[in-house]
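> Below is the structure, and that's it, no one-letter string:
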């Protein structure tokens, strides 16, 4: 089983465009994951023909029974998350479900309730099975949900005898990004040639290094700033990441998205051509 | 008042707009970069000599002489951060949520307050009336909301603040948004931008925040954002036309309003309108 996770650090660098294109170019049987559970977009390009839906609960939230509560204040004092108000209401957005209030309430007035944090799906698409999710607004533990998606994708791949798992990852370098790349064999960072993009690419690279995951790097819209593109290439090589190449800005990319298709399916322009070369190179360098 | 610059989708221009609003205002203002996983606002100012302080979080320490291996700490920890093996407690610090349950539950008083480095906060008073504050999460740490909370605690309530928020709609985005008085939803006219704008708008509405949309990379011929704005009764408060020239300027780490007086005036007016209509509400 081969696995590739596409991340970026900075959002909006083109992860989903690259993922959708790779999904199309990848001829072997594969399972797709959209690990951006906050703001999933892959399904807008690779549309599900049918979906099986499951609910996901992230943990628990505290609830205070006012009939039993003696208003002693111990729960407020011990809540590290400042989630309990002066009139003993639990703010479910702030509650982390740690259970400290529940454990120590002398009146046993507090219960912990499972909280539905979102839904996840197994969908059939033209490019194969895709697992994706919709975390509820303010949902917690997106990392756990991503772990669930990854586990499910492995199961699906085994059942279908698929040989590849391709993941469209989340932005950032925190909990979701960490869960997406932990123990994976290959990470591709899609970077844009801006000071911000370069800065965030370094943070994403640091995270992958920290988790001991090998890194490949590509630059999208490189002609926006060829100088920074060169710096990214140089940095990649110096820091033991494989530099896979660069894609020029191409009007056909936004047009492809508007038409709900991947850039490589939409046109054979300069951008698509460059992306295909990068795809071949990535495939040759997979662990 | 506190104005949160948010978007579901990353890369729509939150930082461009947050920095431009702050730099165009002309009066004293605070700019807080709460995208602590990938903070970028500092790139657009000279903050090389900013004051930097480390931020620590509680993690438990264990006194092995007192510990009897009763496993109460392992039981109370709902994050699987503790495992008791051969009467010795193992801590997995990145899983710890710092709830202190183990500290309170230990019957032998064998748990003491230790700490782990969560990240850092930089602050600097810039010479253009901006007080700049930015959080930076340590590699491998996951508790972004805790660091965002600490960044916000640095803000003075007496001066207006602009909060540059992380993307998404989960806990870090909520943490950045929850005590704001107004939310600016930054979007771009693409199907991705629209899809994620809807999520961000839902988030703001769930928190009961008034909000307005800024369309970045606006193109006259694409009306999908305006159509949605009308449908959902959220005003479009500003449009920034698509411009390659502006994108190149941004790529270099330049403040886009520094050389564009017309755009600067537009940002100033937008911010003043928000403040006039919503401050003290």
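That came through fine. What you see is a predicted model, and the numbers here were worked out from it, not measured in a lab. Numbering: from 1, shown residues only, chains lettered A, B, ... in the order given.
> Give me every residue in the stretch 1-150 of chain A lying close to chain B.
Residues of the stretch 1-150 of chain A lying near chain B by C-beta under 8 Å from any C-beta of the partner chain: A:8-13, A:16, A:37-39, A:41, A:44, A:59-60, A:78, A:80-81, A:93, A:96-100, A:103-104, A:135, A:137-140, A:142-143. Glycine gets a C-beta too; all of them are placed from N, C-alpha and C.
> In chain A, where is pLDDT below threshold?
Flagging of chain A using pLDDT under 70 yields an empty set of residue ranges.
> At the geometric centre of it, which residue do we find?
residue A:170 (2.7 Å; C-alpha atoms, centre = their mean).
> Sitting in helices, which of the residues of the stretch 1-150 of chain A next to chain B do you find?
Of the positions in the residues of the stretch 1-150 of chain A next to chain B, A:16, A:44, A:78, A:100, A:103-104, A:142-143 sit in helices, assigned by DSSP state H.
> So which of those residues wins on neighbours?
Of all those, the highest neighbour tally under other C-beta atoms under 10 Å in any protein chain shown goes to residue A:142, namely 29 neighbours.
> picking that back up, is it true that the residue nearest to the centre of chain A touches residue A:38?
Yes. Using C-beta atoms under 8 Å, residue A:170 is in contact with residue A:38, at 6.8 Å.
> Common neighbours of those two, please.
A:142, A:176, B:168 (C-beta atoms under 8 Å, 6 or more residues apart in numbering or on different chains).
> Spatially, which residue comes closest to residue B:235, not counting chain neighbours?
Take residue B:235 and drop its neighbours on the chain: the residue closest to it by C-beta to C-beta, 6 or more residues apart in numbering or on different chains is residue B:212, 4.9 Å away.
> Could you do residue B:87 as well?
residue B:69 (3.1 Å).
> What residues does the one you found make contact with?
So residue B:69 contacts B:84, B:86-88 (C-beta under 8 Å, 6+ apart).
> okay if I get the residues you listed as JSON lines plus secondary structure, neighbour count and pLDDT?
Formatted as JSON lines, those follow (DSSP: H, G, I helix; E, B strand; the rest coil; neighbours: other C-beta atoms under 10 Å in any protein chain shown; pLDDT from 0 to 100):
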{"residue": "B:84", "secondary structure": "strand", "neighbour count": "17", "pLDDT": "94"}
{"residue": "B:86", "secondary structure": "coil", "neighbour count": "6", "pLDDT": "88"}
{"residue": "B:87", "secondary structure": "coil", "neighbour count": "11", "pLDDT": "87"}
{"residue": "B:88", "secondary structure": "strand", "neighbour count": "11", "pLDDT": "92"}
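> So the residue nearest to residue B:87, which state does it fall into?
State at residue B:69, reduced to three classes by DSSP: H, G, I helix; E, B strand; the rest coil: coil.
> Same question for residue A:193.
coil.
> That one against residue A:224, yeah?
Yes. In this structure, residue A:193 is within contact of residue A:224 by C-beta under 8 Å, at 5.6 Å.
> higher neighbour count, these two?
Neighbours were tallied for residue A:193 and for residue A:224 using other C-beta under 10 Å; the higher tally belongs to residue A:193 (27 against 21).
> what are the phi and psi values for the more buried one?
Here is the backbone geometry of residue A:193 (degrees, to the nearest 10): phi -80, psi 70.
> if I look at it, how far off is residue B:89?
48 Å (C-beta to C-beta, to the nearest Å).
> I'd like the shared contacts of residue A:170 and residue A:38 as a markdown table, with distance to residue B:157 appended.
Below are the shared contacts of residue A:170 and residue A:38 laid out as a markdown table (distance: C-beta to C-beta, whole Å):
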| residue | distance to residue B:157 |
| --- | --- |
| A:142 | 31 |
| A:176 | 32 |
| B:168 | 27 |
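> Around chain A, pick out the residues from the stretch 51-200 of chain B.
B:58, B:76, B:78-79, B:97-101, B:104-105, B:137, B:139-142, B:144, B:166-174, B:178, B:190-192, B:195-196, B:199.
> Just the buried residues of those.
B:58, B:76, B:78-79, B:97-101, B:105, B:137, B:139, B:141-142, B:144, B:166-174, B:178, B:190-192, B:195-196, B:199 (16 or more other C-beta atoms under 10 Å in any protein chain shown).
> which of the ones in helices among the residues of the stretch 1-150 of chain A next to chain B lies closest to residue A:271?
Closest approach between these and residue A:271, by C-beta to C-beta: residue A:16, at 14.5 Å.
> excluding its backbone neighbours, what's nearest the closest one?
Residue nearest to residue A:16 in three dimensions, not counting chain neighbours: residue A:41, with 4.8 Å by C-beta to C-beta, 6+ apart.
> tally of neighbours for the one you found?
24.
> And residue B:117, by the same measure?
Residue B:117: 12 neighbours (other C-beta under 10 Å).
> Enumerate the beta-bridge partners assigned to it.
Beta-bridge pairing for residue B:117 (DSSP bridges): residue B:56.
> Now do the same contact list for it.
Residue B:117 neighbours (C-beta under 8 Å, 6+ apart): B:54-56, B:138, B:141.
> How about residue B:128?
Residue B:128 is in contact with residue B:23, counting by C-beta under 8 Å, 6+ apart.
> Got the phi and psi for it?
Here is the backbone geometry of residue B:128 (degrees, to the nearest 10): phi -110, psi 40.
> now swap in residue A:72 and tell me
As for residue A:72, its main-chain torsions (degrees, to the nearest 10) stand at phi -70, psi -20.
> Quick check: closest non-adjacent residue to it.
residue A:106 (6.4 Å).
> burial of that neighbour, as a residue count?
9.
> Report the rounded mean pLDDT for stretch B:2-15.
For stretch B:2-15, mean pLDDT is 96.
> end to end, how far does it reach?
Stretch B:2-15 has an end-to-end distance of 16 Å (C-alpha to C-alpha, to the nearest Å).
> Give me the domain ranges for the chain.
Unless you meant another one, I'm taking chain A. Chain A breaks down into these domains under automatic domain parsing: A:2-46+A:126-284, A:60-116.
> wrong one, chain B
According to automatic domain parsing, the domains of chain B span B:2-47+B:126-278, B:57-117.
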